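Asker: A structural model of the following input is requested.
(one chain, ligands or ions: 2)
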Amino acid sequence: MLETLRSIIQEVNGAKDLSSSLDIITKRVQRALDTKVCSVYLLDTNIDRYVLMASIGLDQSAVGKVSLGAKEGLVGLVANRAEPVNLDNASSHPSYVYLPETKEEQYESFLGVPIIHHQEVLGVLVVQQIEKRIFDSEEEAFLITLSAQLAGLIANAEARGAITGFSPSGIKTIDVTFDGVPGAPGVAIAEAVTVFPPADLSVIPNRQCKDIKAEISFFNECLNAVRVDISELKMKIKSQLRPEERELFDAYLHMLSDQALGNEVVAKIKEGSWAQGALASVAMEHVSNMELIDDDYLRERATDIKDLCSRVLFYLQDKQQETMEYPDRCILVCEELSAAMLAEVPKEKLVGILSAKGSGHSHVAILARAMGIPAVMGAIDIPLSEFDGKQLVIDGYNGKVYGNPSEELLVRFQEIVNEQAQLSEELEAIKDLPAETLDNHKIELWVNTGMVTDSATAKARGAEGIGLFRTEVPFLLKERFPTEREQTEIYRTQLAAFYPNPVTMRTLDIGGDKALPYFKITEENPFLGWRGIRVSMDHPEIFISQVRAMMKASQGLDNLHIMLPMISHMDQVDYAIHLIDRGYSELLEEGLNIKRPDIGVMVEVPAITYQMDALSKRINFISVGTNDLIQYLLAVDRNNPRVAKLFSVFHPPVLHVLNGIAKNAERVNLRYSVCGEMAGDPGAAILLMAMGYKVLSMNITALGRVKSVIRNITFEQAESLLAKSLQAEDSKSVKSMIDMELYNAGVERLLRSARS
Ligand code: PEP
Ligand code: MG
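Answerer: Numbers count the residues shown, from 1 in each chain. Ligands and ions are numbered 1, 2, ... in the order given. Here you go, the predicted model:
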């Protein structure tokens, strides 16, 4: 059974569209269970009916035409109950409906199982027999298992159709909606540009080429480059090869010849496809056909084809990259967004981001927020490459994506875009005013930076200091570790831009979801693994050169604070201080005149919240990194969209912990602040202020909204809100209390992080 299931799934996986997927399913299931009939009904949400989409055994003229209402017939019953229905006497069941178009004989036994994807019934898979008998447990289990595994593939194929403009039964689709999770607030309407990981044949979008002749010769040039590579490789290792292995190299060269794969690709280019798309389509078709064959040798050849074609693709992409043209306004669509991808698109052209991986707490989402670009993350199970070149609407407030937008939808979202612009203008007016409540309680709003250019923008928006400079960002944008001199220059720009105000530089915090392209860390559980200070302690040479660069850069400015990430043990603090002091003495010996910087620790690992006394003996300040602290407190991977809803800054236990940190830091006389994203949420910021935090460091784009809220309430109101929140049992109640308070204060518009 397992083998049959595997091969059906594999075959469906290789199907080119929904209709071929369904044909494969009905054919293979009918054969596997030896039934008279096997049919698939899919829900067409445009008409709210289950349409017969494929069948073996029922009249073919009924396929695509016959449908049942959402609660009609046995199909409706299966869908409605969302569970299997197994009957030996179907025609006598009260829900039975005879559909004459199907020329259905009296099939008495009926087994229908729902096809469910993300809790939604997509359709029903049905098998029928003439004789009266209940399908046995083995058969039922087979169908249920298959249906569960097929659901994702069917959903994907349906989505492809919908993006192209058609529902399962061929009705024109508009406002096709897909779910992701909120990444960065705001709405964007623009053309999608899909970017994809290099040399991955499975993610290449379909694009038309501009000049067929030029595209063919470009393809041949790349094909030839791979041929040369393979011939050279063969020559190099010739002496180590057995005769049959040498033959294999010849076979590879043949596969790449004009008469084989090359020829097929050229034929597709002649039809108008760009070379990358033509190559990917030819390769994937061969690979899926060969993988289906029950022969180990041929299956291995499928891997060879994939490998050879990926090499050609590598050349195509390497050469085409230089000529990548972005439309004037574009939404960047990708499987997994990286800081380097963000940096590649000209800033003035990038208006939105859509990523399949990650959530609102991923580092790239934080970067997107810093850049003020609306983003939807975690758009899993969506065939993103289909969006390429099409108009899209993304709603970063609610984590929604709309394809084939109608005029009405565009008008509605354009209004929101205009409103956003107006709000930004209004907030600009208060940028030089203090963050002070109506009853004169003043706090400081600092900013988190990463990109070198951030500091100038932040200063212009009224930030009073840098609470977190994520030094890993410049590291992420390079192809090797930056030298001490290069780092000194970067740090100097930040320190000088904010002089005489404080600039808090965090030492390199890599690992987790921040992988340096030139220093790969591959781990099963990266957020609990080799991250932040743990990497630095194992590589003191990287650490010391970084802190030396920071201190050098601070000469004459003396506004540097150094902060250590991911501290969980005191010996990490001791070792880091020892290295900083060593670097400091070296610099003094080298004749520099610098002040020893203040040293602080990020509170991100829950355990450290119990060590305030020990910390106070060693360091000058702490800053709470709520992004990681909440991740570890609630056991929610900040990068995983499936659990993104559980990550809540308003969860009462989280508030208790943050309150406790403030009280303890106060007791031991340690300066304390918050630099996690929570500080940039206007509602959360007032709770933090009430807890006693006097410095909140946030994303540049959040500054205006937080300041505006603080200026419109009293400290007393904030304190009473905090008291009530600490008594609450869940985040929903806390959120609604805050919303109510701010609504009464007249600033509800600023809170808007969820629109209907
Ligand atoms: C945090 O964890 O809250 C933090 C500010 O650090 P980062 O988001 O870079 O992990
Ligand atoms: Mg962190």
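
Asker: distance of residue 619 from ligand 2?
Answerer: 17 Å (C-beta to the ion, to the nearest Å). Bear in mind the C-beta positions are built from the backbone N, C-alpha and C, glycine included.

Asker: How much space separates that residue from residue 612?
Answerer: Remark: distance between residue 619 and residue 612 (C-beta to C-beta, to the nearest Å) = 11 Å.

Asker: Quickly list what's touching both of the two.
Answerer: Counting by C-beta atoms under 8 Å, 6 or more residues apart in numbering, the common neighbours of residue 619 and residue 612 are residue 670.

Asker: which residues touch the residue of the stretch 201-350 of the chain found nearest ligand 1?
Answerer: Nearest to ligand 1, among the residues of the stretch 201-350 of the chain, is residue 339, at 11.8 Å (C-beta to the nearest ligand atom). Applying C-beta under 8 Å, 6+ apart, we find residue 339 in contact with 363-364, 367, 473, 476-477.

Asker: Looking at the residues you listed, which is nearest ligand 2?
Answerer: Set against ligand 2, the nearest of the contacts of residue 339 by C-beta to the ion is residue 363 (8.6 Å).

Asker: what is the rounded mean pLDDT of stretch 335-349?
Answerer: For stretch 335-349, the mean per-residue pLDDT is 87.

Asker: Okay, buried residues for it please.
Answerer: Using 16 or more other C-beta atoms under 10 Å as the test for burial, stretch 335-349 gives 335, 337-339, 341-342, 345.

Asker: From those, which land in helices?
Answerer: Judged by DSSP state H, these include 339, 341-342 as members of helices.

Asker: where does the stretch 551-700 of the chain dip in pLDDT?
Answerer: Within the stretch 551-700 of the chain, not a single segment meets pLDDT under 70.

Asker: Which residues of it lie near ligand 1?
Answerer: Residues of the stretch 551-700 of the chain lying near ligand 1 by C-beta under 6 Å from any ligand atom: 604, 625-628, 675-676.

Asker: And those residues, which two are furthest apart?
Answerer: Greatest spacing in those, by C-beta to C-beta: 628 and 675 (10.8 Å).

Asker: Can you list which of the contacts of residue 339 are found in helices?
Answerer: Using DSSP H, the subset of the contacts of residue 339 located in helices is 363-364, 367, 473, 476.

Asker: Only whichever of the residues you listed are buried, select them in PyMOL.
Answerer: In PyMOL, this line selects whichever of those come out buried by 16+ other C-beta under 10 Å:
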select buried, resi 363+364+367+473+476
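
Asker: all strands for the stretch 1-150 of the chain, in order.
Answerer: 37-44, 49-56, 67-69, 85-87, 109-117, 120-129 (DSSP state E, counting those that start in this stretch).

Asker: do the stretch 201-350 of the chain as well
Answerer: 330-334, 350-355.

Asker: Same question for the stretch 401-550 of the chain.
Answerer: With DSSP E, counting those that start in this stretch as the criterion, the stretch 401-550 of the chain has strands at 435-436, 442-449, 466-470, 503-506.

Asker: one step back: for the strands of the stretch 201-350 of the chain, which one sits closest to residue 145?
Answerer: Among these, strand 350-355 comes nearest to residue 145, with 31.3 Å by C-beta to C-beta.

Asker: okay, the angle between the closest one and strand 330-334?
Answerer: 20 degrees (axes from the mean of the first three to the mean of the last three C-alpha atoms, to 10 degrees).

Asker: oh, and call the first residue 251 from now on, that's how I've got it
Answerer: Let's use 251 as the start, then, which means that last one is strand 600-605.

Asker: Strand 600-605 pairs with which strands?
Answerer: When pairs are called by DSSP bridges, strand 600-605 turns out to pair with strand 580-584 (parallel), strand 625-627 (parallel).

Asker: buried stuff in it?
Answerer: Residues 600-605 are the ones in strand 600-605 that count as buried (16+ other C-beta under 10 Å).

Asker: Against residue 546, how distant is the one residue in the stretch 901-1006 of the chain that gets nearest to ligand 2?
Answerer: Relative to ligand 2, the nearest point of the stretch 901-1006 of the chain is residue 926 (7.3 Å; C-beta to the ion). Separation of residue 926 from residue 546 (C-beta to C-beta) stands at 52 Å.

Asker: Which one of those two is surrounded by more residues?
Answerer: Between residue 926 and residue 546, residue 926 has the larger neighbour count (other C-beta atoms under 10 Å), namely 30 against 8.

Asker: How about the more buried one: what's its closest non-neighbour residue?
Answerer: Excluding its sequence neighbours, the residue lying closest to residue 926 (C-beta to C-beta, 6 or more residues apart in numbering) is residue 876, at 2.8 Å.

Asker: Quick check on that neighbour: phi, psi?
Answerer: Phi and psi for residue 876, reported as degrees, to the nearest 10, are phi -70, psi -20.

Asker: In this structure it contacts residue 927, no?
Answerer: Yes: in this structure residue 876 lies within contact range of residue 927 using C-beta atoms under 8 Å: 6.7 Å.

Asker: re the thing from before, any chance of the strands of the stretch 651-800 of the chain in JSON lines, with mean pLDDT too?
Answerer: Formatted as JSON lines, the strands of the stretch 651-800 of the chain follow (pLDDT from 0 to 100):
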{"stretch": "strand 685-686", "mean pLDDT": "98"}
{"stretch": "strand 692-699", "mean pLDDT": "97"}
{"stretch": "strand 716-720", "mean pLDDT": "96"}
{"stretch": "strand 753-756", "mean pLDDT": "98"}
